[in-house]
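> Okay, predicted coordinates and the sequence, questions at the end:
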Amino acid sequence: MWEDFDSGNRKFICLVVFAVLFLWGPVDRSWPFWLALRIAYLIAAPLIAMVILKWVWRRWKPDDAAEDRLALMLLGGIAGALVVWAAQTFELAPGLERANAFFLVCISASIIWWRVEGHD
């Protein structure tokens, strides 16, 4: 299962799935065994994403140019989402939250710079 999981994009997508669930996943401490449920979906969702992506990559068989385009689309989407989040934070929250908005814009700019410079 792991031997041909060498695509950076597939690893990146699985990492994004994990990060999104880790940061914004449901946590309701009133549930019985809430920690076991949280650990289970933090393991299961990226694992399912990995299996699905492995199947998609076998059928699609992208070349290096297609992999680069996909990476640009993924990073552009993340950078765009961070800019929108920063704009909403800046618009709705006064004071210290505006510093957080500036931080989000800096992160998105560094993501774009990292990819444009050609770092992988």
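Arrived safely. Numbering: from 1, shown residues only.
> tell me which helix or strand of this protein sits lowest on mean pLDDT?
Least confident helix or strand, the chain: helix 96-116 with a mean of 78, by mean pLDDT, DSSP states H and E.
> Please name every helix or strand in contact with it.
Contact partners of helix 96-116 among helices and strands, from 3 or more CB pairs under 8 Å, 6 or more residues apart in numbering; DSSP states H and E: helix 64-92. All C-beta atoms are positioned from the backbone trio N, CA, C, and that covers glycine.
> buried ones in the helix it packs on?
For helix 64-92, a neighbour-count test (16 or more other CB atoms under 10 Å) marks 67, 70, 71, 74, 75, 78, 79, 82, 83, 86, 89, 90 as buried.
> Show me how far that helix is from its chain's centre.
Using CA atoms, centre = their mean, to the nearest Å, the distance from the centre of helix 64-92 to the centre of the chain it belongs to is 10 Å.
> mean confidence for it?
Here helix 64-92 scores 83 as its mean pLDDT.
> Ok, stretch 16-32 next?
Averaging pLDDT along stretch 16-32 yields 85.
> what residues are up against the most centrally placed residue in the chain?
Geometric centre of the chain, nearest residue: residue 16, 2.6 Å, by CA atoms, centre = their mean. The contact partners of residue 16, taken as CB atoms under 8 Å, 6 or more residues apart in numbering, are 74, 78.
> which element follows the host helix or strand of it toward the C-terminus?
Residue 16 is part of helix 8-24, with elements assigned from DSSP states H and E. Later in the chain than helix 8-24, the nearest helix or strand by DSSP H and E is helix 34-60.
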